[in-house]
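Enquirer: kindly return the folded structure for what I paste below:
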Amino acid sequence: MARAALLGGLAMLAVTAVLAVAWAVRDRDQAASVPSPPPLFTLAFDDLARGRQACTGPFVIDQRAGQVRIKVVGRRGATPPLALLLTGSGGYQATGAIPGGLAAAGEVRARFAPPKGAVVANACVTNRGHRTVGLLASGETRSDSRSVTRIGSRKVPDMILEIYEARPVSALKRARVTAQRLSTFRPGIVSPWLVGVLAVLFVVGVPLAAVVAIVRAAAHDERPNPPAS
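Expert: Below is the predicted model:
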């Protein structure tokens with residue numbers, strides 16, 4: 001039984017390794033910054049009338065960013081066209097356009113020129129159409145971040161704003177960047193190298209420990225019972 005458990009455990013490790021490598025090398029959309037994360041339960045709406053502008057910030061983006069995603073819903077019809085403006089430290093400025101015509105609530109995207117390096121930025125969305133549009137926002141304080149959303153001078157619920165890299169990229173290619181981000185604002189001992197080592201220990205150590213536990217349990221079951229006295 002112990003041998004069968006060992007072979008089964010090794011097969012499980014092999015399948016896990018194949019799936020992990022396939023996941024790591026597959027190109028996929030990578031978030032560059034999430035200034036205002038979506039709520040867990042309660043949605044809110046920032047209604048943006050014709051010609052009005054909603055701005056949110058501050059947040060940090062870098063040279064990998066290239067696409068803004070927001071969620072909108074039309075009021076009394078399809079969504080109007082929107083204009084995007086990003087401004088940041090060092091004189092950074094970029095624009096983008098979001099076409100209208102979305103008949104139901106959904107996600108819209110706008111591409112923009114990334115900065116040359118990391119900047120502290122703000123994003124503004126302007127309604128260029130004739131109808132009011134609802135910007136989906138968070139109605140929960142638990143999802144509050146440093147970013148604050150305002151329409152004019154009025155503070156409103158934080159609109160859901162996500163910034164993605166300009167093109168899909170694999171998690172493996174972004175492993176170093178991810179480790180650097182995880183170690184930011186942590187004690188000095190928490191370096192990107194330590195994050196990487198812990199990640200490897202988790203990915204390899206947990207399945208290996210499970211196999212060892214199964215084999216040891218099977219070997220224990222095979223031990224003869226002591227004779228009854």
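
Enquirer: quick one, strands of this structure?
Expert: 27-28, 31-36, 43-48, 53-61, 65-74, 82-88, 92-98, 106-111, 119-127, 133-138, 148-151, 154-156, 161-165, 169-170 (DSSP state E).

Enquirer: list the buried ones in stretch 192-210?
Expert: 192, 195, 196, 207 (16 or more other CB atoms under 10 Å). The way it works is simple: take the backbone N, C-alpha and C, and place the C-beta from them, glycine included.

Enquirer: got JSON lines for the residues you listed, with distance to residue 155 and pLDDT too?
Expert: Output for those, formatted as JSON lines (distance: CB to CB, whole Å; pLDDT from 0 to 100):
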{"residue": "192", "distance to residue 155": "36", "pLDDT": "73"}
{"residue": "195", "distance to residue 155": "36", "pLDDT": "74"}
{"residue": "196", "distance to residue 155": "40", "pLDDT": "76"}
{"residue": "207", "distance to residue 155": "48", "pLDDT": "78"}
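
Enquirer: tell me which of those is nearest to residue 21?
Expert: Distance to residue 21 across these (CB to CB) is lowest for residue 207, with 13.5 Å.

Enquirer: which residues does the most centrally placed residue in the chain contact?
Expert: With distances taken as CA atoms, centre = their mean, the residue of the chain nearest its centroid is residue 31 (4.7 Å). Counting by CB atoms under 8 Å, 6 or more residues apart in numbering, residue 31 makes contact with 162, 163, 164, 165.

Enquirer: and residue 9, how many neighbours does it have?
Expert: The number of residues packed near residue 9 is 19, by other CB atoms under 10 Å.

Enquirer: and the closest residue to it other than its chain neighbours, what's its pLDDT?
Expert: Leaving aside its chain neighbours, residue 9 sits nearest to residue 211 (3.3 Å; criterion: CB to CB, 6 or more residues apart in numbering). Residue 211 is assigned 76 on the pLDDT scale.

Enquirer: I am finished for the moment; much appreciated.
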